[in-house]
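Trainee: build the 3D model from these lines:
(chains A and B)
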Amino acid sequence: MTAALFSADDISISFGGIRAVDGVSFDVQTGEVFSIIGPNGAGKTTIFNLISRIYQPTSGRLAFGGQDITTIPPHRIAGLGIARTFQNIELFTEATLLQNLLIGCHCRSGTGLISQLCFLPRTRREEIRHREKAEEVIAFLNLQRYRQSLIANLPYGVRKIVELGRALCTEPRLLLLDEPSSGLNVPETEEMGFWIDDIRRDLGVTIIMVEHDMNLVRSVSDRVMALNFGKVLALGTAADVQADPEVIRAYIGNAP
Amino acid sequence: MRYVVFLLVLLVIPVFAGEFYVGELGAVFIFAVVGIAQMLLTGYTGLISLCHAAFLGLGAYTAAILLAMGVPFLLTIVAAAVVAGLAGTLIGLPTLRMSGLYLAIATLSFGSIIATVLAKWDRVTGGWSGFIVPTPVVLGHALGGPVWLYYMSLAALLFVLWMSLNILRSPIGRAMIAIRDSEISAQSMGIHLSRSKVTAFAISAGMAGLAGAFYAQYVRALTPDAFDLLISIQFITIIFVGGLGSLHGAIIGAVFVRLLPQAIALLRDDLPFGLGRMPGLEPGLFGLVLVLVILVEPGGVYGRWQKIARYLAAFPLSRRSTSTRQRSFTRSERLR
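Mentor: Numbers count the residues shown, from 1 in each chain, chains lettered A, B, ... in the order given. Have a look, this model is predicted:
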């Protein structure tokens, strides 16, 4: 077995007396789509916030590409190659779609303040490169017609795709998708499934996904992890996890 | 193209207009510079500041004191921007975790500290008796009088505009917008929140300080009360009236805020029913206009202008719904 791209080793975090994530361990192989499911409040989004370093784990260790990332500051995560989307869409709403994608390129920029203030040739070249990257993503996700629209004027379904695009602009190796289908209708969810497939196949990006829609989970994931109350209930293929008695009990309660 | 024509018009104005109006227009340019500074910080980064008058004052005093010591004029301008920029860093660092009202109070107190220092440190600043600003001399020419002030302020405005446009098309400017709209995702995109915020404060304060060097030439005698809270609030007014989140707005706002009181003063004598003799007419009308703008047109004068331009562009086909925003169900209008 090759070394995992990402691994979480016995991570825990408590908020006051609540152990939101309690001794969770898993690893994700390169090129895999790894889904995390579980009832509300199971700690799924908390795991994402731990990976993107917004929360500091109380104990445990996170590693990405062989590097320990447990103590890295949150703004450096994107530079390492981990991008994410948010459950309740956190786009920059008063900016255009293009600006949003260019902000996604931020972690790949390295010119100094003076160079930017005077827009020296180095910054100019870098801007051209960023714009090309953004255009590539726009073409990949078919967003051409919205290029100059304010995010505030875009429908919800498009915003979901834009957030995906913004994450792709960071040139990630690992993509964290927090409920990509929430708020989408059935055809839009199907489309999202195709995008996820394309991103994995064409761009070779590894994906960790938190999702409630079991159809989507079944159709795209290689492995599924079920959580409840911060603990791992089951880990395996979608069919195995869905058939697990613990998982069934967590969702619909004890058999009478 | 339109801007080139506009600039040419601005360049020839002093040939025709009277000295008083030329001087006042110079002051408009200076206020527009501070308006742009405030716009970058408040309109783009989403950080409120009630101490831009203090940065303006720091710049003005720095330039004036150095001029009196015989330092070349250009150097005093640079020094004014640097000193104010350092002060901006100083206020930016401790207030990193603050936003909204808390930041307003923190910057308010910082502003009054600066005003107090300017008043009490009278060996250097002249205190309440004022500080007479020397006329700058460049290559043997004395650059006194409103016409010189007009051209120098116009040059300063163009310089600051150029720099702001560069900022807005560079990563740093987009980082500012990102921080305004969503800190959490800005962070996940690799933006160093605290560094970007301090940079925004420093740049904004530096621009205000630069304006101060010219403001000193406009007022000719510096007193601490020329840089108090009311002036800071004028700058806030500039960006709200002009329209948040656009450089056009900062300039339109400056024109509005500087020229409205003058216009009222001119009209005073012709008002019916003895209205013109009413005390407090100017601030009253001013406040009324501000309230109306916020109630009727939150996008400011520039936002209204964009709507009119769209209406004219689509002329017979325009409908009410063209400019109504789609209702959004996510957190968005955080700043408003």
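Trainee: for residue 188, give me its contacts.
Mentor: With no chain named, the answer covers chain A. A:157, A:160, A:181 (C-beta atoms under 8 Å, 6 or more residues apart in numbering or on different chains). Placement of C-beta: from N, CA and C, glycine included.
Trainee: chain B was what I was after
Mentor: Applying C-beta under 8 Å, 6+ apart, we find residue B:188 in contact with A:52, A:54, A:74, A:77-78, A:83-84.
Trainee: now with 6 Å?
Mentor: By C-beta atoms under 6 Å, 6 or more residues apart in numbering or on different chains, residue B:188 lies in contact with A:52, A:84.
Trainee: stretch B:57-65: how far from the chain's middle?
Mentor: Per C-alpha atoms, centre = their mean, to the nearest Å, the displacement of stretch B:57-65 from the mean C-alpha position of its chain is 17 Å.
Trainee: circling back: ok, so of the contacts of residue A:188, who is nearest chain B?
Mentor: Chain B has its nearest neighbour among those in residue A:160, at 10.7 Å by C-beta to the nearest C-beta.
Trainee: show the end-to-end separation of stretch A:86-104, please.
Mentor: In stretch A:86-104, first residue to last residue: 14 Å (C-alpha to C-alpha, to the nearest Å).
Trainee: in CSV: the contacts of residue A:188, plus neighbour count, pLDDT and distance to residue B:112.
Mentor: Output for the contacts of residue A:188, formatted as CSV (neighbours: other C-beta atoms under 10 Å in any protein chain shown; pLDDT from 0 to 100; distance: C-beta to C-beta, whole Å):
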residue, neighbour count, pLDDT, distance to residue B:112
A:157, 16, 87, 50
A:160, 26, 90, 47
A:181, 23, 88, 53
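Trainee: now, those residues that are in helices?
Mentor: A:157, A:160 (DSSP state H).
Trainee: need the phi and psi values for the one residue in the stretch 101-250 of chain B that gets nearest to chain A.
Mentor: Of the stretch 101-250 of chain B, the residue with the smallest distance to chain A, taken as C-beta to the nearest C-beta, is residue B:190 at 2.8 Å. Backbone torsions of residue B:190, given as degrees, to the nearest 10, read phi 90, psi 20.
Trainee: can I assume it is in contact with residue A:80?
Mentor: No: counting by C-beta atoms under 6 Å, residue B:190 sits too far from residue A:80 to count as a contact (9.2 Å).
Trainee: more neighbours, those two?
Mentor: residue B:190 (24 against 18; other C-beta atoms under 10 Å in any protein chain shown).
Trainee: which residues touch that one?
Mentor: A:75, A:78-79, A:106-107.
Trainee: not counting its neighbours along the chain, what's nearest it?
Mentor: residue A:107 (2.8 Å; C-beta to C-beta, 6 or more residues apart in numbering or on different chains).
Trainee: just checking, that neighbour touches residue A:172?
Mentor: No: Residue A:107 is beyond contact range of residue A:172, at 9.7 Å (criterion: C-beta under 6 Å).
Trainee: list the buried residues of stretch A:211-226.
Mentor: Judged by neighbour count using 16 or more other C-beta atoms under 10 Å in any protein chain shown, the buried positions of stretch A:211-226 are A:211, A:213, A:216-221, A:223-226.
Trainee: phi first, then psi, for residue A:26.
Mentor: phi -160, psi 160.
Trainee: which residues does it bridge with?
Mentor: residue A:8 (DSSP bridges).
Trainee: taking the centroid of chain A, which residue is nearest it?
Mentor: residue A:176 (1.6 Å; C-alpha atoms, centre = their mean).
Trainee: is it correct that that residue falls within a strand?
Mentor: Yes: counting by DSSP: H, G, I helix; E, B strand; the rest coil, residue A:176 is found in a strand.
Trainee: report the contact partners of it.
Mentor: A:48, A:84, A:208.
Trainee: keep only those that also lie close to chain B.
Mentor: Restricting these to those touching chain B (C-beta under 6 Å from any C-beta of the partner chain) yields residue A:84.
Trainee: present the contacts of residue A:176 as TSV; the columns should include secondary structure and neighbour count.
Mentor: What follows is these, written out as TSV (DSSP: H, G, I helix; E, B strand; the rest coil; neighbours: other C-beta atoms under 10 Å in any protein chain shown):
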residue	secondary structure	neighbour count
A:48	helix	24
A:84	strand	26
A:208	strand	26
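Trainee: contacting residues around stretch A:212-228?
Mentor: The contact list for stretch A:212-228 (C-beta under 6 Å, 6+ apart) reads A:26, A:32-38, A:42-43, A:181, A:189, A:193, A:196, A:211, A:233-235, A:238, A:241, A:247, A:250.
Trainee: mark which of the residues you listed are part of helices, please.
Mentor: Using DSSP H, the contacts of stretch A:212-228 in helices are A:189, A:193, A:196, A:238, A:241, A:247, A:250.
Trainee: looking at these, which is nearest residue B:160?
Mentor: Lowest distance from residue B:160 to those (C-beta to C-beta) belongs to residue A:196, with 46.0 Å.
Trainee: contacts only, for that closest one.
Mentor: Residues in contact with residue A:196 (C-beta under 6 Å, 6+ apart) are residue A:220.
Trainee: distance check, it against chain B.
Mentor: 19 Å (C-beta to the nearest C-beta, to the nearest Å).
Trainee: for chain A, what are the nearby residues on the stretch 101-250 of chain B?
Mentor: Counting by C-beta under 6 Å from any C-beta, the stretch 101-250 of chain B sits next to chain A at B:163, B:166, B:170-172, B:174, B:177-178, B:181-182, B:184-185, B:187-192.
Trainee: interface residues of the stretch 101-250 of chain A facing chain B?
Mentor: Residues of the stretch 101-250 of chain A lying close to chain B (C-beta under 6 Å from any C-beta) are A:102-104, A:106-107, A:109, A:116-117, A:119, A:123, A:152-153.
Trainee: for chain B, give me its nearest residue in chain A.
Mentor: For chain A, C-beta to the nearest C-beta, closest residue to chain B: residue A:107, 2.8 Å.
Trainee: mind checking how far that residue is from residue A:99?
Mentor: 16 Å (C-beta to C-beta, to the nearest Å).
Trainee: likewise residue A:161?
Mentor: Distance, residue A:161 to residue A:99, by C-beta to C-beta: 16 Å.
Trainee: cool, residue A:160 as well?
Mentor: Taking C-beta to C-beta as the measure, residue A:160 falls 18 Å from residue A:99.
Trainee: next: residue B:180.
Mentor: Noted for residue B:180: a distance of 12 Å to residue A:99, by C-beta to C-beta.
Trainee: now the helices for chain B?
Mentor: Going by DSSP H, chain B shows helices at B:2-16, B:19-38, B:52-68, B:73-92, B:100-120, B:122-125, B:145-168, B:171-181, B:183-188, B:193-219, B:229-242, B:247-267, B:281-296, B:300-313.
Trainee: reformat these as TSV; add distance to residue A:8 and mean pLDDT.
Mentor: Below are the helices of chain B laid out as TSV (distance: least, C-beta to C-beta, whole Å; pLDDT from 0 to 100):
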stretch	distance to residue A:8	mean pLDDT
helix B:2-16	55	82
helix B:19-38	45	90
helix B:52-68	47	92
helix B:73-92	36	92
helix B:100-120	36	88
helix B:122-125	60	79
helix B:145-168	39	90
helix B:171-181	28	91
helix B:183-188	18	88
helix B:193-219	25	92
helix B:229-242	46	86
helix B:247-267	46	84
helix B:281-296	49	79
helix B:300-313	47	80
